[in-house]
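Enquirer: Sequence and predicted model, in that order:
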There are 2 protein chains.
Amino acid sequence: MKQRTVFFVSDQTGITAQTLGRSLLTQFDGMKFRHVTVPFISTPDKAHDAVRRINLVAEVEGVRPLVFSTFVHNEVREIVRGCNGLLLDFFDAFIGPLERELERASSHTSGRAHGLADDAAYARRIEAVNFTLANDDGIGVQNYGRADLILVGVSRSGKTPTCLYLALQYGVYAANFPLTDEHFEGAGGELPSVLRPHLRKLVGLTIDAKRLEQIRVNRRPDSRYASASQISFELREAEALFKRNAIPYLDTTHASIEEIAMRVLDSTGLRDRVEAQP
Amino acid sequence: MKQRTVFFVSDQTGITAQTLGRSLLTQFDGMKFRHVTVPFISTPDKAHDAVRRINLVAEVEGVRPLVFSTFVHNEVREIVRGCNGLLLDFFDAFIGPLERELERASSHTSGRAHGLADDAAYARRIEAVNFTLANDDGIGVQNYGRADLILVGVSRSGKTPTCLYLALQYGVYAANFPLTDEHFEGAGGELPSVLRPHLRKLVGLTIDAKRLEQIRVNRRPDSRYASASQISFELREAEALFKRNAIPYLDTTHASIEEIAMRVLDSTGLRDRVEAQP
(Lines give C-alpha, C1' and ligand atoms only; values in the text may rest on other atoms or scores of the structure.)
Protein backbone atom coordinates (compact mmCIF):
# COMPACT_ATOMS: atom_id res chain seq x y z
CA MET A 1 0.00 0.00 0.00
CA LYS A 2 1.21 3.44 -0.86
CA GLN A 3 1.97 5.81 1.94
CA ARG A 4 0.42 9.24 1.75
CA THR A 5 2.17 12.29 3.01
CA VAL A 6 -0.01 14.71 4.93
CA PHE A 7 0.95 18.34 5.38
CA PHE A 8 -0.36 20.54 8.15
CA VAL A 9 0.27 24.10 7.06
CA SER A 10 -0.68 27.38 8.66
CA ASP A 11 0.20 31.01 9.08
CA GLN A 12 -0.15 30.25 12.80
CA THR A 13 1.21 27.37 14.91
CA GLY A 14 -0.47 24.69 12.81
CA ILE A 15 -1.95 23.11 15.95
CA THR A 16 -5.53 23.53 14.78
CA ALA A 17 -4.69 22.03 11.38
CA GLN A 18 -2.97 19.10 13.12
CA THR A 19 -5.85 18.48 15.50
CA LEU A 20 -8.47 18.58 12.78
CA GLY A 21 -6.44 16.68 10.22
CA ARG A 22 -5.50 13.89 12.59
CA SER A 23 -9.07 13.61 13.72
CA LEU A 24 -10.24 13.11 10.13
CA LEU A 25 -7.49 10.64 9.28
CA THR A 26 -8.45 8.33 12.15
CA GLN A 27 -11.50 7.57 10.01
CA PHE A 28 -9.35 5.87 7.38
CA ASP A 29 -8.30 2.60 8.95
CA GLY A 30 -5.30 0.73 7.72
CA MET A 31 -3.80 3.55 5.72
CA LYS A 32 -0.33 4.85 6.49
CA PHE A 33 0.18 8.58 6.65
CA ARG A 34 3.42 10.47 7.07
CA HIS A 35 2.94 13.79 8.86
CA VAL A 36 4.78 17.00 8.05
CA THR A 37 3.94 20.28 9.80
CA VAL A 38 4.90 23.60 8.27
CA PRO A 39 3.86 26.36 10.67
CA PHE A 40 4.27 30.14 10.68
CA ILE A 41 3.86 30.62 6.90
CA SER A 42 3.41 34.35 7.27
CA THR A 43 4.83 35.73 4.01
CA PRO A 44 4.42 35.01 0.28
CA ASP A 45 8.03 33.79 0.19
CA LYS A 46 7.35 31.21 2.89
CA ALA A 47 4.18 30.19 1.08
CA HIS A 48 6.12 29.58 -2.14
CA ASP A 49 8.64 27.52 -0.14
CA ALA A 50 5.82 25.40 1.25
CA VAL A 51 4.41 24.86 -2.25
CA ARG A 52 7.81 23.69 -3.47
CA ARG A 53 8.06 21.20 -0.57
CA ILE A 54 4.59 19.85 -1.27
CA ASN A 55 5.21 19.57 -5.00
CA LEU A 56 8.50 17.78 -4.46
CA VAL A 57 6.77 15.17 -2.32
CA ALA A 58 4.04 14.79 -4.96
CA GLU A 59 6.68 14.15 -7.59
CA VAL A 60 8.80 11.75 -5.55
CA GLU A 61 5.87 9.73 -4.21
CA GLY A 62 3.83 9.76 -7.39
CA VAL A 63 0.66 10.69 -5.52
CA ARG A 64 -0.46 14.12 -4.38
CA PRO A 65 -0.22 14.85 -0.66
CA LEU A 66 -3.14 15.80 1.55
CA VAL A 67 -2.76 19.36 2.77
CA PHE A 68 -4.74 20.44 5.83
CA SER A 69 -4.51 24.15 6.39
CA THR A 70 -5.76 26.97 8.57
CA PHE A 71 -4.85 30.14 6.73
CA VAL A 72 -6.24 33.32 8.13
CA HIS A 73 -4.65 35.44 5.41
CA ASN A 74 -6.12 34.99 1.95
CA GLU A 75 -2.91 35.94 0.16
CA VAL A 76 -0.80 33.09 1.53
CA ARG A 77 -3.72 30.65 1.28
CA GLU A 78 -4.15 31.40 -2.41
CA ILE A 79 -0.45 30.79 -3.06
CA VAL A 80 -0.58 27.45 -1.26
CA ARG A 81 -3.78 26.58 -3.12
CA GLY A 82 -1.64 26.42 -6.24
CA CYS A 83 0.24 23.39 -4.92
CA ASN A 84 -0.05 19.90 -6.30
CA GLY A 85 -1.91 18.54 -3.28
CA LEU A 86 -5.50 18.21 -2.06
CA LEU A 87 -5.91 21.43 -0.06
CA LEU A 88 -8.52 21.29 2.69
CA ASP A 89 -8.61 24.68 4.37
CA PHE A 90 -10.67 24.79 7.54
CA PHE A 91 -10.99 28.54 7.74
CA ASP A 92 -11.98 28.86 4.13
CA ALA A 93 -14.78 26.32 4.58
CA PHE A 94 -16.38 27.88 7.62
CA ILE A 95 -15.53 31.58 7.77
CA GLY A 96 -18.04 32.40 5.01
CA PRO A 97 -21.08 30.83 6.71
CA LEU A 98 -20.02 32.41 10.01
CA GLU A 99 -19.64 35.88 8.47
CA ARG A 100 -23.13 35.62 6.99
CA GLU A 101 -24.65 34.35 10.23
CA LEU A 102 -22.94 36.97 12.41
CA GLU A 103 -23.44 39.69 9.79
CA ARG A 104 -19.90 40.98 10.07
CA ALA A 105 -16.56 40.46 8.39
CA SER A 106 -13.90 38.37 10.10
CA SER A 107 -10.74 40.15 11.12
CA HIS A 108 -8.28 37.91 9.22
CA THR A 109 -5.86 38.14 12.09
CA SER A 110 -3.43 35.31 12.55
CA GLY A 111 -1.93 34.03 15.74
CA ARG A 112 -5.09 34.35 17.75
CA ALA A 113 -6.22 30.78 18.13
CA HIS A 114 -3.16 29.66 20.03
CA GLY A 115 -1.65 33.07 20.54
CA LEU A 116 -1.70 35.08 23.69
CA ALA A 117 -5.17 36.36 22.99
CA ASP A 118 -6.08 36.76 26.58
CA ASP A 119 -3.56 37.52 29.28
CA ALA A 120 -5.87 36.64 32.15
CA ALA A 121 -6.76 33.21 30.79
CA TYR A 122 -3.10 32.56 30.03
CA ALA A 123 -1.99 33.54 33.52
CA ARG A 124 -4.66 31.29 34.96
CA ARG A 125 -3.35 28.29 33.02
CA ILE A 126 0.19 28.92 34.25
CA GLU A 127 -1.00 29.32 37.82
CA ALA A 128 -3.05 26.13 37.49
CA VAL A 129 0.03 24.22 36.32
CA ASN A 130 1.97 25.54 39.31
CA PHE A 131 -0.87 24.55 41.62
CA THR A 132 -1.04 21.07 40.14
CA LEU A 133 2.71 20.55 40.43
CA ALA A 134 2.63 21.71 44.05
CA ASN A 135 -0.29 19.40 44.84
CA ASP A 136 0.67 16.23 43.04
CA ASP A 137 0.58 12.80 44.61
CA GLY A 138 -0.76 13.73 48.00
CA ILE A 139 1.58 16.61 48.74
CA GLY A 140 0.12 19.99 49.60
CA VAL A 141 -3.05 18.70 51.25
CA GLN A 142 -3.23 22.03 53.11
CA ASN A 143 -4.03 23.68 49.76
CA TYR A 144 -7.07 21.53 48.99
CA GLY A 145 -9.34 24.41 49.90
CA ARG A 146 -8.14 26.17 46.73
CA ALA A 147 -8.44 23.10 44.51
CA ASP A 148 -11.18 22.91 41.89
CA LEU A 149 -11.05 19.14 42.06
CA ILE A 150 -9.01 16.36 43.61
CA LEU A 151 -8.44 13.12 41.73
CA VAL A 152 -8.08 10.03 43.91
CA GLY A 153 -6.96 6.57 42.91
CA VAL A 154 -4.26 3.95 43.28
CA SER A 155 -0.75 4.45 41.94
CA ARG A 156 -0.63 4.63 38.10
CA SER A 157 -4.35 4.96 37.57
CA GLY A 158 -3.80 8.12 35.50
CA LYS A 159 -4.11 10.90 38.07
CA THR A 160 -1.06 13.03 37.32
CA PRO A 161 -1.31 13.32 33.51
CA THR A 162 -5.02 14.05 33.81
CA CYS A 163 -4.42 16.80 36.37
CA LEU A 164 -1.71 18.36 34.21
CA TYR A 165 -3.91 18.26 31.13
CA LEU A 166 -6.78 19.91 33.00
CA ALA A 167 -4.45 22.61 34.29
CA LEU A 168 -2.67 23.29 30.99
CA GLN A 169 -5.72 23.24 28.75
CA TYR A 170 -8.46 24.52 30.99
CA GLY A 171 -6.80 26.35 33.88
CA VAL A 172 -8.36 23.94 36.37
CA TYR A 173 -6.72 23.78 39.80
CA ALA A 174 -6.42 20.01 39.96
CA ALA A 175 -4.79 18.19 42.87
CA ASN A 176 -4.42 14.46 43.27
CA PHE A 177 -4.19 12.07 46.16
CA PRO A 178 -2.92 8.46 45.96
CA LEU A 179 -4.80 5.68 47.69
CA THR A 180 -2.43 3.19 49.29
CA ASP A 181 -2.54 0.32 51.76
CA GLU A 182 -2.75 2.68 54.72
CA HIS A 183 -6.12 3.88 53.48
CA PHE A 184 -7.51 0.39 53.21
CA GLU A 185 -6.15 -1.97 55.81
CA GLY A 186 -7.96 -1.89 59.07
CA ALA A 187 -8.96 1.69 58.49
CA GLY A 188 -12.58 0.64 58.52
CA GLY A 189 -12.99 1.94 55.01
CA GLU A 190 -13.03 5.52 56.12
CA LEU A 191 -12.10 8.23 53.74
CA PRO A 192 -8.66 9.68 54.62
CA SER A 193 -9.35 12.52 57.03
CA VAL A 194 -7.57 15.11 54.88
CA LEU A 195 -10.04 14.40 52.08
CA ARG A 196 -13.22 14.47 54.11
CA PRO A 197 -13.76 18.25 54.09
CA HIS A 198 -13.39 18.21 50.31
CA LEU A 199 -15.65 15.29 49.53
CA ARG A 200 -17.55 17.15 46.83
CA LYS A 201 -14.38 17.91 44.93
CA LEU A 202 -13.29 14.28 44.70
CA VAL A 203 -13.34 12.24 41.51
CA GLY A 204 -12.07 8.67 41.58
CA LEU A 205 -10.06 6.93 38.89
CA THR A 206 -9.88 3.20 38.47
CA ILE A 207 -8.32 0.95 35.86
CA ASP A 208 -8.41 -2.64 34.69
CA ALA A 209 -6.22 -4.92 36.83
CA LYS A 210 -4.43 -6.54 33.88
CA ARG A 211 -3.59 -3.17 32.34
CA LEU A 212 -2.35 -1.80 35.65
CA GLU A 213 -0.19 -4.86 36.10
CA GLN A 214 1.51 -4.22 32.74
CA ILE A 215 2.19 -0.63 33.71
CA ARG A 216 3.55 -1.45 37.15
CA VAL A 217 5.64 -4.43 35.99
CA ASN A 218 7.20 -2.15 33.44
CA ARG A 219 8.04 0.24 36.22
CA ARG A 220 9.14 -2.09 39.03
CA PRO A 221 9.39 -5.70 37.88
CA ASP A 222 9.12 -8.46 40.48
CA SER A 223 7.85 -6.16 43.18
CA ARG A 224 4.91 -6.55 45.53
CA TYR A 225 3.74 -3.25 43.99
CA ALA A 226 3.42 -4.95 40.60
CA SER A 227 1.97 -8.27 41.77
CA ALA A 228 -1.45 -9.35 40.54
CA SER A 229 -2.73 -10.01 44.07
CA GLN A 230 -1.68 -6.61 45.41
CA ILE A 231 -3.17 -4.84 42.39
CA SER A 232 -6.52 -6.55 42.58
CA PHE A 233 -6.64 -5.88 46.33
CA GLU A 234 -5.92 -2.17 45.82
CA LEU A 235 -8.45 -1.76 43.02
CA ARG A 236 -11.18 -3.60 44.90
CA GLU A 237 -10.60 -1.53 48.02
CA ALA A 238 -10.41 1.75 46.11
CA GLU A 239 -13.66 1.10 44.25
CA ALA A 240 -15.37 0.07 47.48
CA LEU A 241 -14.21 3.31 49.07
CA PHE A 242 -15.58 5.33 46.12
CA LYS A 243 -18.94 3.61 46.38
CA ARG A 244 -19.27 3.95 50.15
CA ASN A 245 -18.62 7.69 49.90
CA ALA A 246 -20.64 8.31 46.74
CA ILE A 247 -17.54 9.55 44.94
CA PRO A 248 -18.09 9.53 41.17
CA TYR A 249 -15.38 7.48 39.50
CA LEU A 250 -14.36 6.42 36.05
CA ASP A 251 -12.37 3.71 34.38
CA THR A 252 -9.27 4.98 32.58
CA THR A 253 -8.34 1.68 30.92
CA HIS A 254 -9.45 2.44 27.39
CA ALA A 255 -9.40 6.20 27.56
CA SER A 256 -6.85 8.76 26.45
CA ILE A 257 -5.74 11.60 28.71
CA GLU A 258 -8.05 13.97 26.82
CA GLU A 259 -11.02 11.69 27.23
CA ILE A 260 -10.43 11.13 30.93
CA ALA A 261 -10.12 14.89 31.39
CA MET A 262 -13.38 15.56 29.54
CA ARG A 263 -15.20 12.90 31.55
CA VAL A 264 -13.83 14.31 34.80
CA LEU A 265 -15.11 17.78 33.84
CA ASP A 266 -18.43 16.19 32.98
CA SER A 267 -18.76 14.38 36.29
CA THR A 268 -18.27 17.61 38.23
CA GLY A 269 -20.01 20.93 37.80
CA LEU A 270 -16.75 22.32 36.48
CA ARG A 271 -17.38 22.37 32.77
CA ASP A 272 -19.74 25.30 32.91
CA ARG A 273 -17.42 27.28 35.13
CA VAL A 274 -14.42 26.56 32.92
CA GLU A 275 -16.35 27.62 29.84
CA ALA A 276 -17.63 30.78 31.47
CA GLN A 277 -14.07 32.01 31.90
CA PRO A 278 -12.66 34.52 29.44
CA MET B 1 -24.51 43.81 21.71
CA LYS B 2 -26.22 40.48 21.82
CA GLN B 3 -24.32 37.54 23.16
CA ARG B 4 -24.27 34.43 21.02
CA THR B 5 -24.24 31.00 22.52
CA VAL B 6 -21.90 28.54 20.86
CA PHE B 7 -22.35 24.79 21.22
CA PHE B 8 -19.57 22.28 20.69
CA VAL B 9 -21.27 18.94 20.19
CA SER B 10 -19.84 15.56 19.35
CA ASP B 11 -20.25 11.83 19.64
CA GLN B 12 -16.66 11.91 20.91
CA THR B 13 -14.98 14.17 23.50
CA GLY B 14 -15.85 17.38 21.66
CA ILE B 15 -12.21 18.51 21.81
CA THR B 16 -11.88 18.70 18.03
CA ALA B 17 -15.10 20.71 17.76
CA GLN B 18 -13.84 23.05 20.49
CA THR B 19 -10.49 23.51 18.77
CA LEU B 20 -12.08 24.32 15.45
CA GLY B 21 -14.81 26.52 16.82
CA ARG B 22 -12.61 28.55 19.13
CA SER B 23 -10.08 29.02 16.40
CA LEU B 24 -12.72 30.37 14.02
CA LEU B 25 -14.35 32.60 16.62
CA THR B 26 -11.09 34.43 17.35
CA GLN B 27 -11.63 35.94 13.90
CA PHE B 28 -14.69 37.82 15.10
CA ASP B 29 -13.34 40.60 17.29
CA GLY B 30 -15.47 42.29 19.84
CA MET B 31 -18.25 39.73 19.88
CA LYS B 32 -19.18 37.92 23.03
CA PHE B 33 -19.69 34.17 22.86
CA ARG B 34 -20.90 31.85 25.59
CA HIS B 35 -19.48 28.34 25.23
CA VAL B 36 -21.37 25.14 25.96
CA THR B 37 -19.85 21.72 25.27
CA VAL B 38 -22.04 18.64 24.92
CA PRO B 39 -19.78 15.63 24.42
CA PHE B 40 -20.40 11.89 24.09
CA ILE B 41 -23.70 12.19 22.16
CA SER B 42 -23.66 8.55 21.20
CA THR B 43 -27.35 7.67 20.95
CA PRO B 44 -30.45 9.13 19.26
CA ASP B 45 -31.87 9.91 22.71
CA LYS B 46 -28.85 11.97 23.63
CA ALA B 47 -29.02 13.70 20.25
CA HIS B 48 -32.65 14.67 20.84
CA ASP B 49 -31.66 16.00 24.29
CA ALA B 50 -28.97 18.13 22.67
CA VAL B 51 -31.46 19.49 20.13
CA ARG B 52 -33.83 20.46 22.94
CA ARG B 53 -31.02 22.31 24.75
CA ILE B 54 -30.02 24.18 21.60
CA ASN B 55 -33.62 25.08 20.75
CA LEU B 56 -34.27 26.32 24.27
CA VAL B 57 -31.30 28.67 24.02
CA ALA B 58 -32.48 29.88 20.61
CA GLU B 59 -35.90 30.67 22.06
CA VAL B 60 -34.65 32.37 25.22
CA GLU B 61 -31.96 34.43 23.49
CA GLY B 62 -33.98 35.26 20.40
CA VAL B 63 -31.07 34.36 18.10
CA ARG B 64 -30.01 30.96 16.89
CA PRO B 65 -26.85 29.48 18.45
CA LEU B 66 -23.75 28.50 16.51
CA VAL B 67 -23.24 24.74 16.65
CA PHE B 68 -19.79 23.34 15.86
CA SER B 69 -19.90 19.58 15.60
CA THR B 70 -17.80 16.55 14.84
CA PHE B 71 -20.21 13.70 14.34
CA VAL B 72 -18.75 10.53 13.02
CA HIS B 73 -22.11 8.79 13.01
CA ASN B 74 -24.55 10.06 10.42
CA GLU B 75 -27.63 9.08 12.43
CA VAL B 76 -26.92 11.35 15.39
CA ARG B 77 -25.64 14.11 13.12
CA GLU B 78 -28.87 14.13 11.15
CA ILE B 79 -30.90 14.42 14.34
CA VAL B 80 -28.82 17.36 15.54
CA ARG B 81 -29.04 18.95 12.09
CA GLY B 82 -32.73 19.45 12.83
CA CYS B 83 -31.94 21.93 15.61
CA ASN B 84 -32.64 25.63 15.42
CA GLY B 85 -28.95 26.59 15.18
CA LEU B 86 -26.30 27.12 12.52
CA LEU B 87 -24.74 23.66 12.32
CA LEU B 88 -21.15 23.57 11.08
CA ASP B 89 -20.13 19.93 11.00
CA PHE B 90 -16.55 19.45 10.38
CA PHE B 91 -16.57 15.75 9.48
CA ASP B 92 -19.45 16.28 7.11
CA ALA B 93 -17.53 19.02 5.29
CA PHE B 94 -14.28 17.14 4.81
CA ILE B 95 -14.89 13.40 4.90
CA GLY B 96 -16.39 13.45 1.39
CA PRO B 97 -13.40 15.05 -0.37
CA LEU B 98 -11.06 12.76 1.58
CA GLU B 99 -13.00 9.62 0.64
CA ARG B 100 -12.84 10.60 -3.02
CA GLU B 101 -9.13 11.39 -2.86
CA LEU B 102 -8.20 8.23 -0.97
CA GLU B 103 -10.68 6.14 -2.95
CA ARG B 104 -12.07 4.40 0.08
CA ALA B 105 -14.92 4.80 2.53
CA SER B 106 -14.26 6.18 6.00
CA SER B 107 -14.89 3.87 8.89
CA HIS B 108 -17.40 6.08 10.77
CA THR B 109 -15.86 5.04 14.03
CA SER B 110 -16.13 7.42 16.95
CA GLY B 111 -13.73 7.87 19.78
CA ARG B 112 -10.64 7.55 17.66
CA ALA B 113 -9.39 11.11 17.46
CA HIS B 114 -8.80 11.43 21.16
CA GLY B 115 -9.32 7.83 22.07
CA LEU B 116 -6.68 5.31 22.88
CA ALA B 117 -5.98 4.60 19.23
CA ASP B 118 -2.41 3.67 19.78
CA ASP B 119 -1.16 2.13 23.00
CA ALA B 120 2.50 2.73 22.22
CA ALA B 121 2.08 6.43 21.51
CA TYR B 122 -0.08 6.76 24.62
CA ALA B 123 2.46 5.02 26.82
CA ARG B 124 5.16 7.27 25.42
CA ARG B 125 3.22 10.40 26.38
CA ILE B 126 2.75 9.14 29.94
CA GLU B 127 6.41 8.23 30.22
CA ALA B 128 7.37 11.63 28.85
CA VAL B 129 5.25 13.36 31.50
CA ASN B 130 6.96 11.28 34.18
CA PHE B 131 10.35 12.14 32.74
CA THR B 132 9.51 15.83 32.64
CA LEU B 133 8.26 15.84 36.23
CA ALA B 134 11.40 14.03 37.37
CA ASN B 135 13.62 16.49 35.50
CA ASP B 136 11.99 19.81 36.24
CA ASP B 137 13.83 22.88 37.42
CA GLY B 138 17.35 21.49 37.39
CA ILE B 139 16.67 18.26 39.24
CA GLY B 140 17.66 14.99 37.63
CA VAL B 141 20.64 16.31 35.68
CA GLN B 142 21.98 12.75 35.64
CA ASN B 143 19.11 11.87 33.28
CA TYR B 144 19.95 14.47 30.66
CA GLY B 145 21.37 11.76 28.41
CA ARG B 146 17.81 10.49 27.93
CA ALA B 147 16.31 13.93 27.34
CA ASP B 148 15.14 14.95 23.89
CA LEU B 149 15.68 18.57 24.77
CA ILE B 150 16.54 20.75 27.74
CA LEU B 151 15.03 24.19 28.12
CA VAL B 152 17.20 26.75 29.88
CA GLY B 153 16.25 30.19 31.13
CA VAL B 154 15.76 32.33 34.21
CA SER B 155 13.01 31.67 36.73
CA ARG B 156 9.48 32.21 35.29
CA SER B 157 10.54 32.45 31.67
CA GLY B 158 8.08 29.69 30.74
CA LYS B 159 10.18 26.53 30.97
CA THR B 160 7.96 24.22 33.02
CA PRO B 161 4.61 24.69 31.24
CA THR B 162 6.35 24.37 27.87
CA CYS B 163 8.05 21.12 28.91
CA LEU B 164 4.79 19.68 30.20
CA TYR B 165 2.96 20.61 27.03
CA LEU B 166 5.66 19.01 24.87
CA ALA B 167 5.51 15.85 26.98
CA LEU B 168 1.72 15.58 27.15
CA GLN B 169 1.00 16.42 23.54
CA TYR B 170 4.01 15.07 21.70
CA GLY B 171 5.68 12.55 24.00
CA VAL B 172 8.86 14.63 24.04
CA TYR B 173 11.26 13.95 26.91
CA ALA B 174 11.72 17.56 27.95
CA ALA B 175 13.89 18.59 30.90
CA ASN B 176 14.54 22.11 32.09
CA PHE B 177 17.34 23.88 33.89
CA PRO B 178 17.06 27.27 35.62
CA LEU B 179 19.75 29.88 35.15
CA THR B 180 20.48 31.73 38.39
CA ASP B 181 23.10 34.07 39.79
CA GLU B 182 25.56 31.24 40.34
CA HIS B 183 25.71 30.71 36.59
CA PHE B 184 26.49 34.34 35.89
CA GLU B 185 28.52 36.01 38.57
CA GLY B 186 32.23 35.54 38.24
CA ALA B 187 31.68 32.26 36.45
CA GLY B 188 33.35 33.73 33.42
CA GLY B 189 30.23 33.17 31.38
CA GLU B 190 30.84 29.47 31.11
CA LEU B 191 27.94 27.15 30.50
CA PRO B 192 27.12 25.15 33.67
CA SER B 193 29.24 22.03 33.46
CA VAL B 194 26.22 19.69 33.74
CA LEU B 195 24.85 21.21 30.53
CA ARG B 196 28.00 21.14 28.44
CA PRO B 197 27.75 17.52 27.26
CA HIS B 198 24.20 18.24 26.10
CA LEU B 199 24.81 21.50 24.30
CA ARG B 200 22.96 20.42 21.18
CA LYS B 201 19.81 19.65 23.14
CA LEU B 202 19.60 23.10 24.71
CA VAL B 203 17.00 25.68 23.79
CA GLY B 204 16.95 29.01 25.63
CA LEU B 205 13.90 30.96 26.70
CA THR B 206 13.89 34.65 27.40
CA ILE B 207 11.15 37.14 28.17
CA ASP B 208 10.58 40.88 28.29
CA ALA B 209 11.86 42.42 31.55
CA LYS B 210 8.66 44.34 32.30
CA ARG B 211 6.51 41.26 31.80
CA LEU B 212 8.79 39.14 33.98
CA GLU B 213 8.66 41.79 36.69
CA GLN B 214 4.86 41.60 36.74
CA ILE B 215 5.00 37.82 37.07
CA ARG B 216 7.62 37.82 39.81
CA VAL B 217 6.07 40.70 41.78
CA ASN B 218 2.84 38.77 41.76
CA ARG B 219 4.69 35.80 43.18
CA ARG B 220 7.05 37.42 45.70
CA PRO B 221 6.35 41.13 46.16
CA ASP B 222 9.12 43.39 47.44
CA SER B 223 11.80 40.75 46.97
CA ARG B 224 15.19 41.07 45.30
CA TYR B 225 13.90 38.27 43.02
CA ALA B 226 11.20 40.62 41.72
CA SER B 227 13.28 43.80 41.50
CA ALA B 228 13.74 45.50 38.15
CA SER B 229 17.52 45.62 38.50
CA GLN B 230 17.87 41.92 39.34
CA ILE B 231 15.57 40.95 36.48
CA SER B 232 17.36 43.00 33.85
CA PHE B 233 20.68 41.62 35.11
CA GLU B 234 19.48 38.03 34.85
CA LEU B 235 17.98 38.45 31.42
CA ARG B 236 21.04 40.23 30.06
CA GLU B 237 23.36 37.55 31.41
CA ALA B 238 21.17 34.70 30.20
CA GLU B 239 20.94 36.07 26.67
CA ALA B 240 24.69 36.69 26.60
CA LEU B 241 25.23 33.07 27.66
CA PHE B 242 22.91 31.83 24.90
CA LYS B 243 24.79 33.87 22.31
CA ARG B 244 28.26 32.86 23.43
CA ASN B 245 27.31 29.20 23.21
CA ALA B 246 25.26 29.42 20.02
CA ILE B 247 22.17 28.18 21.87
CA PRO B 248 19.01 28.98 19.89
CA TYR B 249 16.62 30.95 22.04
CA LEU B 250 13.22 32.50 21.79
CA ASP B 251 11.22 35.22 23.45
CA THR B 252 8.14 33.95 25.28
CA THR B 253 6.65 37.37 26.07
CA HIS B 254 3.83 37.42 23.54
CA ALA B 255 3.53 33.69 22.95
CA SER B 256 1.15 31.10 24.32
CA ILE B 257 2.36 27.77 25.69
CA GLU B 258 1.36 26.10 22.42
CA GLU B 259 3.24 28.60 20.34
CA ILE B 260 6.41 28.39 22.43
CA ALA B 261 6.22 24.61 22.20
CA MET B 262 5.86 24.68 18.40
CA ARG B 263 8.74 27.13 18.06
CA VAL B 264 10.93 24.98 20.30
CA LEU B 265 10.19 21.94 18.12
CA ASP B 266 10.99 24.06 15.09
CA SER B 267 14.33 25.24 16.44
CA THR B 268 15.49 21.66 17.04
CA GLY B 269 15.42 18.72 14.69
CA LEU B 270 12.69 17.22 16.86
CA ARG B 271 9.60 17.94 14.81
CA ASP B 272 10.38 15.34 12.19
CA ARG B 273 11.16 12.72 14.80
CA VAL B 274 8.02 13.47 16.75
CA GLU B 275 5.92 13.25 13.61
CA ALA B 276 7.55 10.02 12.51
CA GLN B 277 6.32 8.29 15.66
CA PRO B 278 3.25 6.11 15.44
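Expert: Arrived safely, thanks for sending.
Enquirer: Please name the residues that touch A:Phe90.
Expert: By Cβ atoms under 8 Å, 6 or more residues apart in numbering or on different chains, the residues touching A:Phe90 are A:16-17, A:20, A:68-70, B:20, B:23-24, B:90. To be clear about C-beta, it is placed using only N, CA and C from the backbone, and glycine gets the same treatment.
Enquirer: just for the stretch 101-250 of chain A, where's the confidence low?
Expert: Regions of the stretch 101-250 of chain A meeting the criterion pLDDT under 70 cover residues A:109-119, A:185-189.
Enquirer: Which parts of it are strands?
Expert: A:149-153, A:174-178, A:202-206, A:249-251 (DSSP state E, counting those that start in this stretch).
Enquirer: In JSON lines, list these along with distance to chain B and mean neighbour count.
Expert: Formatted as JSON lines, the strands of the stretch 101-250 of chain A follow (distance: least, Cβ to the nearest Cβ, whole Å; neighbours: other Cβ atoms under 10 Å in any protein chain shown):
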{"stretch": "strand A:149-153", "distance to chain B": "14", "mean neighbour count": "25"}
{"stretch": "strand A:174-178", "distance to chain B": "12", "mean neighbour count": "25"}
{"stretch": "strand A:202-206", "distance to chain B": "13", "mean neighbour count": "24"}
{"stretch": "strand A:249-251", "distance to chain B": "12", "mean neighbour count": "19"}
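Enquirer: quick one, which of those is nearest to B:Pro197?
Expert: Distance to B:Pro197, taken as Cβ to Cβ, is lowest for strand A:174-178 among the strands of the stretch 101-250 of chain A, at 34.8 Å.
Enquirer: what's that closest one packed up against?
Expert: Under the contact criterion of 3 or more Cβ pairs under 8 Å, 6 or more residues apart in numbering or on different chains; DSSP states H and E, strand A:174-178 touches helix A:119-134, strand A:149-153, helix A:159-170.
Enquirer: can you give me how far that strand is from the chain middle?
Expert: Offset of strand A:174-178 from its chain centre (Cα atoms, centre = their mean, to the nearest Å): 18 Å.
Enquirer: Mind listing residues that contact it?
Expert: A:128, A:131-132, A:135-138, A:140-141, A:143-144, A:147-155, A:159-160, A:162-164, A:166-167, A:192, A:194-195.
Enquirer: Serialize the contacts of A:Phe90 to JSON lines and add fields for distance to A:Tyr249 and pLDDT.
Expert: What follows is the contacts of A:Phe90, written out as JSON lines (distance: Cβ to Cβ, whole Å; pLDDT from 0 to 100):
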{"residue": "A:Thr16", "distance to A:Tyr249": "33", "pLDDT": "88"}
{"residue": "A:Ala17", "distance to A:Tyr249": "36", "pLDDT": "92"}
{"residue": "A:Leu20", "distance to A:Tyr249": "32", "pLDDT": "89"}
{"residue": "A:Phe68", "distance to A:Tyr249": "37", "pLDDT": "96"}
{"residue": "A:Ser69", "distance to A:Tyr249": "41", "pLDDT": "95"}
{"residue": "A:Thr70", "distance to A:Tyr249": "38", "pLDDT": "92"}
{"residue": "B:Leu20", "distance to A:Tyr249": "31", "pLDDT": "88"}
{"residue": "B:Ser23", "distance to A:Tyr249": "33", "pLDDT": "86"}
{"residue": "B:Leu24", "distance to A:Tyr249": "36", "pLDDT": "90"}
{"residue": "B:Phe90", "distance to A:Tyr249": "32", "pLDDT": "90"}
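Enquirer: tell me how far the ends of stretch A:146-159 are from each other?
Expert: 18 Å (Cα to Cα, to the nearest Å).
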